[in-house]
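> One predicted model, sequence on top.
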Amino acid sequence: MDERAIRLLKAWQTPKGWRYWSAVNNSEVGLWYTLAAFAFFLFGGVLALIMRIQLAVPDNDWLTPEQYNQVFTMHGSVMMFLFAVPILEAISIMLLPEMMGARDLPFPRLSAYGFWCFLIGGIFVCGSLFFGVGPRGGWFMYPPMTTEYQTDVGPDIWLLGLSFIEIASIAAAVELIVGTLKCRPPGMRLNLIPLYAWYILVVAVMILFAFPPLIAGDLLMELERAMDWPFFDAERGGDPMLWQHLFWIFGHPEVYIVFLPSIALVAMIVPTFARTPMAGYGWIVLAAVGTGFLSFGLWVHHMFTTGLPGISIGIFSAASEAVAIPTGVQIFCFIATLLIGRVTKNAALLFVLAGLATFIIGGLTGVMIAIAPFDYQAHDTYFIVGHLHYVLVGGTIFPIVAGFYYYYPLVTGKQLSERLGTITFWVMLIGFNVAFFPMHISGMIGMPRRVYTYPGGMGFDLPNMISTIGAFTLGIGFLMLLYDVFRPKGKQPLVKRNVWNAGTLEWSGEVPDKPWGIRSIPIVTTRYPLWEQDNFLRDVDEGNFYLPDAEEGLRETMVTSTVDAEPMQCLRVPGPSFLPMVAALFTGGVFIFGTYHWYWAAGICGLFSFITIVTWLWTGTAKIPEKDTKAVGLDLTLPTYVSGPAAVGWWAMFITMLGDMTAFVSLVFGYFFFWTVHDEFPPAEFDGRAVAGPGMVWPLVAAGLAGAAWVAVLLARRWNRIGQGPKEPGDKFPAEGIIASSTTWPFYVAIAIACGLGIASVASLFYGPLKNEMDPTHHAYSASVSVLVLWTMLHTGVGVLMLIYAAARRLFRKMDADHDADMVNVTLYWHFLVLTVVITGTVIALFPEVA
Ligand code: HEM
Ligand SMILES: [Cu+2]
């Protein structure tokens, strides 16, 4: 190994001993994440088997109804929130950078934080089952059952525990979006990226817009449960349907969120074993994007039986059928590729085929239940349980198992057994169909779902017994897989590099793999560089491409432009640290103590998690580099520090704020939803007293003050640049001649004014409701105004803290006129903030006037 490689290796070395757990590298974090998600899958699977034992014979009383409810709720919730979404994010964190020849994702510590949050939250939620206090409201948690009739802690565990995990999922989504858009190798234009990356991009964007409505719903429900704000209480003007809308606006995209990334694995596996590039690349991308879009317009098909007007049922029924088209396109492309190619048969491919076939059957029953009259019959019967498992197991589980077989050698250097794999395939395929096919029949003859038992002699006995036998067969299949994955393979020689002769970049990894991701960051000009670019691996290995060295001993990767992947920056990414883990522990504390209403403990954890996160940002982000540019090889020199839209941090802020705005818009949606369902909204009087609002003046004053604060923020950003070095020759920016170029006080003054105005805005937003003695528990109207006020006040508070942070950065010389990424990002936050305050202010002040 030459000197350069030794230095590079040293920079990327994974810590040893107990410090191993401070690793933040994508390969480590991705692996832990995958294993944890898989462990939750096994847990969910055991719950499924427990249900099947209970249902095997009629009139069984092995489980009490209470226990059964907890078990099926946890089964659905674990499978969806702790397995299906996380495992796909986990696999992406592990593999996406390798597929794109990046050394790491842009925010390694964020991935680590997300992982630890996920682990802590998952253990907390699952643990509740062992204390008999598990949630039991179904994975959909419909109120009023979960608000009025379940007053124990179960629903709180669901709401807070899973919100916590959803936030981790969103963090991972932000990371993956920025990763795909900004961390590609030079030359890999958007139309050359691996299909996997396309799918992940689509899915991450979907997560960004689908999860926030659910988080908003969780917030509303938790407020109703903890503080009696009646969002879903029909007696006080609330409406349980609001929850159903928010839940399914999330819930339907969710099924594509778990399906598309699995299909993405298929899209990587198929060309390799067909020995030919994927047919119809452009069609697949279009179809994936189309599915993503369409899936947001289908949610009402989960609510056909709620008495909605016929016209909306018609529209949503048609839209649901339409989604079969893009899905079909993708499947046809896969089949076409397999037909053109010279297919080599093996276990991974068998599971791909099992997945496609199963998914198609599930898709066909989906086409059936998307027809409303059919759904009226099938709704809430075992037919639905049969349908959803064909889709989920076919669309998610089988492809993931295929992915295990395919990528196992890349991750471990060893191979899973082909012979055992073929047997496992048959056991699982047969087991699955035996378990789930009969459910269609028991459903058709009327067996309802979510029941702990059924009377004998109604025709349910036989199909249920068969289902249980099938479920156990499937379980044995998973045990076989598990055995193969974990059995010691000491004697098996290491596989050769790129065992399957694949064409995509991740297979350039050596065996055993080095922690640096890739020896040098290549120039990519084709979709299958290992097949199509001459001497590619040789040049990568000899360090003939970019960043073959770590002269400063820092971890570096490359940032390129969004569309054309032109080199833009040499990005330094932070190394190992325990901070993300500690921050996750404290954040977990906030949610866990909050569940039990120990608000003081939650508050303390909140404080500590704030301190930890600030420390992490302070020490790890937007560091002023020792030199402004760096030669990265091949005669290219790149900046080491950028700010604004060129910076990955800016993108992360922008994307996060899109998600944040989506949650906010969901709350606003709630407000208007109540208006559409009530004749008079806001009502003049309710329950014998006048319904107080926030009044017109103070909310508008708050909006005005926030607007003024925003102007001050813009000035602060500008004045922070006083004395900035010229960016282009002859550039005299900004204030030369007016203010001495070393002056910093205007910046601090602007920050102080912005903070003052921000606080004044918070105060006046609060003052309106206070003055009119608005009581959030009085009516859904007062509650929805209050939640908007609360949300906005919190966001303004965060905005003020960010300004103080920026001022401190400048004071301690972590930021200066030329290195202003922090201030630019804070300003970006304020753009969204001012929008939030203005919308809140005008909606709550003016809408009652026009209504
Ligand atoms: C491994 C074999 C599996 C078996 C034997 C199984 C079995 C069952 C059964 C019997 C129910 C119905 C409970 C009831 O209505 O009383 C159910 C519900 C459900 N399952 Fe599975 N399941 C399996 C895998 C999965 C997977 C992989 C997923 C998702 C990725 C999943 C997601 C769900 C969901 C969302 C529900 C609905 C829960 C609810 O109604 O709240 N299942 N499962
Ligand atoms: Cu749906």
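Received it, and whenever you're ready, just let me know what you need. Just so we're clear, the structure is a prediction, and the values are computed from it rather than from any experiment. Ligands and ions are numbered 1, 2, ... in the order given.

> only C-alpha atoms for contact and neighbour calcs from this point on.
Noted.

> can you pull the contacts of the nearest residue to Y671 once chain neighbours are set aside?
Distances taken as Cα to Cα, 6 or more residues apart in numbering place S784 nearest to Y671, at 5.8 Å, with adjacent residues excluded. S784 is in contact with 231, 667, 670-671, 776, counting by Cα atoms under 8 Å, 6 or more residues apart in numbering.

> per-residue confidence for P734?
For P734, the pLDDT comes out at 51.

> mind listing the helices for the stretch 51-200 of the chain?
65-77, 85-99, 108-127, 154-156, 162-182, 195-227 (DSSP state H, counting those that start in this stretch).

> Does the closest residue to ligand 1 within the chain belong to a helix, a strand or coil?
Across the chain, the shortest distance to ligand 1 (Cα to the nearest ligand atom) belongs to R450, at 3.1 Å. Recorded secondary structure, R450: coil (DSSP: H, G, I helix; E, B strand; the rest coil).

> Please give the element, helix or strand, for A817.
Taking DSSP states H and E as the definition, one finds A817 inside no helix or strand.

> Where does F38 sit, in terms of helix or strand?
Per DSSP H and E: helix 26-56 holds F38.

> Please name every helix or strand in contact with the longest helix seen in the chain.
In the chain, with assignment by DSSP state H, the single longest helix is helix 240-274. Contact analysis of helix 240-274 by 3 or more Cα pairs under 8 Å, 6 or more residues apart in numbering; DSSP states H and E lists helix 85-99, helix 195-227, helix 281-294, helix 324-340, helix 347-369, helix 382-392, helix 398-412, helix 648-677 as its packing neighbours.

> ok so, going back, now the contacts of S784 in TSV, with neighbour count?
Shown next, in TSV, are these (neighbours: other Cα atoms under 10 Å):
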residue	neighbour count
F231	31
L667	24
G670	26
Y671	25
P776	24
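
> got those as JSON lines, with pLDDT and distance to ligand 1 columns?
Converted to JSON lines, these look like this (pLDDT from 0 to 100; distance: Cα to the nearest ligand atom, whole Å):
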{"residue": "F231", "pLDDT": "95", "distance to ligand 1": "22"}
{"residue": "L667", "pLDDT": "97", "distance to ligand 1": "25"}
{"residue": "G670", "pLDDT": "94", "distance to ligand 1": "24"}
{"residue": "Y671", "pLDDT": "94", "distance to ligand 1": "28"}
{"residue": "P776", "pLDDT": "93", "distance to ligand 1": "31"}
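
> now I624, what's its secondary structure?
coil.

> Repeat that for G503.
The three-state label given to G503 by three-state DSSP is coil.

> and it, backbone torsions?
Phi and psi for G503, reported as degrees, to the nearest 10, are phi -110, psi -10.

> can you count the residues close to it?
G503 has 24 neighbours, counted by other Cα atoms under 10 Å.

> Quick check: residues of the stretch 351-500 of the chain near ligand 1?
385, 389, 392-393, 449-451, 471 (Cα under 6 Å from any ligand atom).

> show me the contacts for P144.
By Cα under 8 Å, 6+ apart, P144 lies in contact with 232-233, 240.

> 10 Å instead?
P144 is in contact with 150, 221, 232-234, 239-241, 243, counting by Cα atoms under 10 Å, 6 or more residues apart in numbering.

> for the chain, which spans come out with low pLDDT?
726-741 (pLDDT under 70).

> what does it put close to ligand 1?
Applying Cα under 6 Å from any ligand atom, we find that the chain lies next to ligand 1 at 45, 48-49, 51-52, 72-73, 76, 79-80, 84, 138-139, 385, 389, 392-393, 449-451, 471.

> Run a quick neighbour tally on the nearest residue to A370 once chain neighbours are set aside.
Among residues not flanking A370 along the chain, S317 sits closest, at 5.4 Å (Cα to Cα, 6+ apart). Under the neighbour criterion other Cα under 10 Å, S317 is assigned a count of 21.

> show me what contacts S317?
With contact set as Cα under 10 Å, 6+ apart, S317 has these partners: 298-301, 304, 311, 367, 369-372.

> Which residue is the nearest non-sequential neighbour of T525?
The shortest distance from T525 to any non-neighbouring residue, by Cα to Cα, 6+ apart, is to G187 (5.7 Å).

> returning to what we had before: spatially, which two of the residues of the stretch 351-500 of the chain next to ligand 1 are the most separated?
Pairwise distances across those peak at 22.0 Å for V393 and V451 (criterion: Cα to Cα).

> and the two? which has more neighbours close in?
V393 (19 against 13).

> thought that one was touching G431?
No: contact criterion Cα atoms under 10 Å: V393 and G431 do not qualify, at 11.9 Å.

> which of the residues of the stretch 351-500 of the chain next to ligand 1 are buried?
Buried subset of these (neighbour count, 16 or more other Cα atoms under 10 Å): 385, 389, 392-393, 449-450, 471.

> Turn these into CSV, columns for distance to L811.
As requested, those are arranged in CSV below (distance: Cα to Cα, whole Å):
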residue, distance to L811
V385, 60
H389, 57
L392, 54
V393, 55
R449, 62
R450, 60
A471, 63
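
> ok so, going back, what's the PyMOL syntax to select whichever of the contacts of P144 are buried?
PyMOL command restricting the contacts of P144 to the buried ones, with burial defined by 16+ other Cα under 10 Å:
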select buried, resi 150+221+232+233+239+240+241+243
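
> Run through the residues that contact F404.
91, 265, 348, 351, 398, 410-411, 416, 481, 485.

> and if you look at V789?
So V789 contacts 694, 699, 762, 765-766, 768-769, 783, 795, 837, 840-841, 844 (Cα under 10 Å, 6+ apart).

> for it, helix, strand, or coil?
Under three-state DSSP, V789 comes out as helix.

> Verify the stated contact: F432 with I466.
No: the pair F432 / I466 is not scored as a contact, 11.1 Å apart, by Cα under 10 Å.

> where do the contact lists of those two overlap?
Common contact partners of F432 and I466 (Cα under 10 Å, 6+ apart): none.

> Looking at those two, which is more packed in?
Between F432 and I466, counted using other Cα under 10 Å, the more crowded position is F432 (25 against 17).

> which of the residues in the host helix or strand of that one are buried?
Per DSSP H and E, F432 falls inside helix 418-444. Neighbour-count burial for helix 418-444, counted by 16+ other Cα under 10 Å, picks out 421-422, 424-444.

> now swap in stretch 79-96 and tell me
79-96.

> Check stretch 703-719 too.
In stretch 703-719, counting by 16+ other Cα under 10 Å, buried: 703-719.

> chain center to stretch 556-571, what's the gap?
Counting by Cα atoms, centre = their mean, to the nearest Å, stretch 556-571 is centred 24 Å from the centre of its parent chain.

> So for that stretch, what gets flagged as buried?
So for stretch 556-571, counting by 16+ other Cα under 10 Å, buried means 556-562, 565-571.

> ends of it, how far apart?
One end of stretch 556-571 to the other measures 5 Å (Cα to Cα, to the nearest Å).

> just stretch 184-202 next, same as before
End to end - Cα to Cα - stretch 184-202 spans 16 Å.

> And stretch 129-148, by the same measure?
21 Å.

> how far out from the middle of the chain is it?
Counting by Cα atoms, centre = their mean, stretch 129-148 comes out at 23 Å from the chain centroid.

> For stretch 601-611, which outside residues touch it?
Residues contacting stretch 601-611 (Cα under 10 Å, 6+ apart): 579-580, 582-596, 599-600, 612-617.

> thought P271 was touching A264?
No: P271 lies out of contact with A264 (Cα under 10 Å); the separation is 11.8 Å.
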